[in-house]
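>>> Need the 3D shape of this:
(2 chains)
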Amino acid sequence: MEKICLTRPALARLMPMHLILAPNGEILQCGPTIAKLFTDPSLLGQSFFDCFDVSRPYNMMSVADILASNGTKLHLSMRNQHQTTLKAVGVALEGQDGLLLDMSFGISVVDAIGTYDLSIADFAATDLAVEMLYLIEAKSAAMNESHKLNARLQGAKIAAEEQAYTDTLTGLKNRRAMDHVLSRFLSTGESFGLMQVDLDYFKAVNDTLGHAAGDHVLLEVARILIDETRGEDLVARVGGDEFVLLFHRLTDLEKLNDIANRIIERMEVPIMFEGRQCRISTSIGTTISDFYAEPDMDKMLSDADLALYASKDKGRACNTVFSADLLRQAS
Amino acid sequence: MHGLINRSLESFLSDTYGAPLWRDVAEGAGLAFEHFESMFEYEDWMTYVVIETAAERLNKSPDTILEDMGTYLVSSPNVKSLRRLLRFGGDSFVDFLHSLDDLYDRAKLAVPELELPMFKLLGDDTDGSFRVVCTGPHFGFGRAMLGVLRAMADDYGALVFMEYHGAGDGFEEISITLVQSSFADGRDFSLASPDASNGGRQ
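Numbering: from 1, shown residues only, chains lettered A, B, ... in the order given. Model (predicted):
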């Protein structure tokens, strides 16, 4: 079979987006779907190059150019307000001058179906466009469900982590959180101040006024510690009546001393619980990362602890900054 | 059973009969959680016990629950995506019936883990009588499919009679008589997604 003949309706069914062009570029015939894209005015009788811009290959100015390109894929865009892009391929018609051009949307089909209100019947029965649209829609529905699941899981994960790093009674951070933040400071080499804060006479409150009073005092202490520190600082309850404060990028000893003194002063004010006074006091030991050539977590915590015991020795309700002297006295 | 199926069941019960009924069913069925996740996999017994528990609470047969769920999945405004995806099957109800043969593969394309039963259309376009045969490991999909088909016929505006024949051994069959393919105005359908980023389900 060297040649085959098709009726116009048969061609329209196989290629609903075809055009037949005269040698001068005049559109002689068009498939039903491509006709739907140009309703006013109709494509028939117009020049192909007035209706379409051939963006690739370059320099396709005439039907002869397209014929000479020998079946190369053409990239077109429609000269209308939507500038819909199309792919096309042209072949010579045997026995007559002119060109048969078949077009398809490519990926622009997603926008085109909305713009031109196309239906399943507008595509050739063998065209995969509808399958692609189906797939896009099915996949985005499935992806949408996955996104919602991810958001819920992430929320649950954050809540679980938050819980794992929080002291349940006071809402302050716990020892695990302190370890985490402290090692982050050390690994990034950021400077910071560190305080060990110890409540004095807390056991007496617990013993004489009961655990409810003790819990109330701890909540009050937590509030004061949060009040007197900045949002970027860490306040952790690391033992029954022991707290560690980490001051991000704050190593000014004068400022740290001021903060310590304000905390101590406020802790001296008796805390009322069910009409009874709970009296506690506070001892603090301070150190800063600048003291060390290579700051180390255990070393800094134990130095601050040593300074804390110096404060207790001095009669409590005071802050001591760690120094080498303290080490000598201790040994 | 895939979470999408369980979640569909939950949405149907919760939207139709209220959240308290769903909580009651979830608890009565012995689920250790309140909501199914559509992208998780669950043990099969959960689905069956949920259906049985719901049937008990609502004083309906499990078959009715499944069929109503099928109708709900296509016709409820709260679940738009399934109806849209099914409408991709064709421009007419008969085209749609023919597309059921592809349903198993289409579902797998969208969600590879989703195991639907195989649907096979038998019959003849000329006299308008068809049979849909449903085979798979889970008996009962045919009942849900009956509800889906009834709702889809309405959606296309086709007048049909359907009958369910459960033959056991994981083999179910629905007979369909198409009386008139454009009996009423169907619902509008456009290939263009109303909201591509939010594929439908709320």
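>>> Break chain A down into its domains, please.
A:8-132, A:175-330 (automatic domain parsing).
>>> quick one, which of these is nearest to residue B:43?
Minimum separation from residue B:43 across the domains of chain A (Cβ to Cβ) falls at domain A:8-132, 33.6 Å. (Each C-beta comes from the backbone N, C-alpha and C, glycine too.)
>>> Give the rounded mean pLDDT of the closest one.
The average pLDDT within domain A:8-132 is 91.
>>> What is the three-state secondary structure of the residue in the stretch 51-200 of chain A positioned nearest to chain B?
For the stretch 51-200 of chain A, the residue closest to chain B is residue A:141, as judged by Cβ to the nearest Cβ, at 2.9 Å. Secondary structure, DSSP: H, G, I helix; E, B strand; the rest coil: residue A:141 is helix.
>>> wait, doesn't it sit right on residue B:110?
Yes. Counting by Cβ atoms under 8 Å, residue A:141 does reach residue B:110; the two are 7.2 Å apart.
>>> how about low-confidence regions in the stretch 201-331 of chain A?
Counting by pLDDT under 70, the stretch 201-331 of chain A shows no low-confidence range.
>>> Quick one: name the residues of it near chain B.
Contact residues, the stretch 201-331 of chain A versus chain B (Cβ under 8 Å from any Cβ of the partner chain): none.
>>> Let me see the ranges of the strands in the stretch 201-331 of chain A.
A:234-237, A:242-248, A:271-273, A:276-278, A:281-288, A:319-321 (DSSP state E, counting those that start in this stretch).
>>> same deal with chain B?
B:118-124, B:129-135, B:159-168, B:171-180 (DSSP state E).
>>> Generate a markdown table for the domains of chain A, with mean neighbour count as supplementary columns.
Shown next, in a markdown table, are the domains of chain A (neighbours: other Cβ atoms under 10 Å in any protein chain shown):
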| stretch | mean neighbour count |
| --- | --- |
| domain A:8-132 | 16 |
| domain A:175-330 | 17 |
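>>> For residue B:14, find the nearest of those.
It is, among the domains of chain A and with distance given as Cβ to Cβ, domain A:8-132, at 32.7 Å.
>>> ok, which stretches of the stretch 151-300 of chain A are helices?
All helices of the stretch 151-300 of chain A, identified by DSSP state H, counting those that start in this stretch, fall at A:175-188, A:202-209, A:211-227, A:253-268, A:297-313.
>>> would CSV of these with distance to residue A:325 be doable?
Shown next, in CSV, are the helices of the stretch 151-300 of chain A (distance: least, Cβ to Cβ, whole Å):
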stretch, distance to residue A:325
helix A:175-188, 25
helix A:202-209, 29
helix A:211-227, 28
helix A:253-268, 15
helix A:297-313, 9
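>>> Touching, residue A:75 and residue A:85? I think so.
Yes. Under the criterion of Cβ under 8 Å, residue A:75 is in contact with residue A:85, at a separation of 6.9 Å.
>>> Report the set of residues contacting both of these two.
Shared contacts of residue A:75 and residue A:85, defined by Cβ atoms under 8 Å, 6 or more residues apart in numbering or on different chains, are absent.
>>> between the strands of chain B, which gets nearest to chain A?
Short answer: strand B:118-124, nearest of those by Cβ to the nearest Cβ, at 16.4 Å.
>>> got the contact list for the closest one?
Against strand B:118-124 from outside (Cβ under 8 Å, 6+ apart): B:97-98, B:100-101, B:103-104, B:129-136, B:145, B:176.
>>> how does it look with 7 Å?
By Cβ atoms under 7 Å, 6 or more residues apart in numbering or on different chains, the residues outside strand B:118-124 that reach it are B:97-98, B:100-101, B:103-104, B:129-136.
>>> PyMOL command to pick out the buried ones of these?
Only the buried entries of those go into this PyMOL selection, using 16 or more other Cβ atoms under 10 Å in any protein chain shown:
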select buried, chain B and resi 97+100+103+104+130+132+133+134+136
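>>> nearest to residue A:14, of the contacts of strand B:118-124?
Nearest to residue A:14 among the contacts of strand B:118-124, with distances taken as Cβ to Cβ, is residue B:98, at 20.5 Å.
>>> which residues touch the spatially most central residue of chain B?
In chain B, the residue lying closest to the centroid (Cα atoms, centre = their mean) is residue B:70, at 3.6 Å. Neighbour list for residue B:70: B:144-148, B:151 [criterion: Cβ under 7 Å, 6+ apart].
>>> How about exporting stretch A:270-290 as PDB, limited to the C-alpha atoms?
The C-alpha trace of stretch A:270-290 is given here as PDB (Å, rounded to 0.1, in the frame of the first residue of the first chain):
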ATOM      1  CA  PRO A 270       8.000  34.900 101.400                       C
ATOM      2  CA  ILE A 271       5.600  33.000  99.100                       C
ATOM      3  CA  MET A 272       2.100  32.700 100.500                       C
ATOM      4  CA  PHE A 273       0.300  29.300 100.400                       C
ATOM      5  CA  GLU A 274      -3.100  28.800 101.800                       C
ATOM      6  CA  GLY A 275      -2.600  31.700 104.200                       C
ATOM      7  CA  ARG A 276       0.800  30.500 105.400                       C
ATOM      8  CA  GLN A 277       4.200  31.900 104.600                       C
ATOM      9  CA  CYS A 278       6.800  29.800 102.800                       C
ATOM     10  CA  ARG A 279      10.300  31.100 103.300                       C
ATOM     11  CA  ILE A 280      13.100  30.000 101.100                       C
ATOM     12  CA  SER A 281      16.400  31.500 100.100                       C
ATOM     13  CA  THR A 282      18.700  31.000  97.000                       C
ATOM     14  CA  SER A 283      22.400  30.300  96.400                       C
ATOM     15  CA  ILE A 284      23.900  30.800  93.000                       C
ATOM     16  CA  GLY A 285      27.200  29.800  91.400                       C
ATOM     17  CA  THR A 286      28.200  31.300  88.000                       C
ATOM     18  CA  THR A 287      30.700  30.500  85.300                       C
ATOM     19  CA  ILE A 288      31.100  31.700  81.700                       C
ATOM     20  CA  SER A 289      32.500  30.000  78.600                       C
ATOM     21  CA  ASP A 290      35.100  32.700  78.200                       C
END
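>>> Brilliant, that's me finished.
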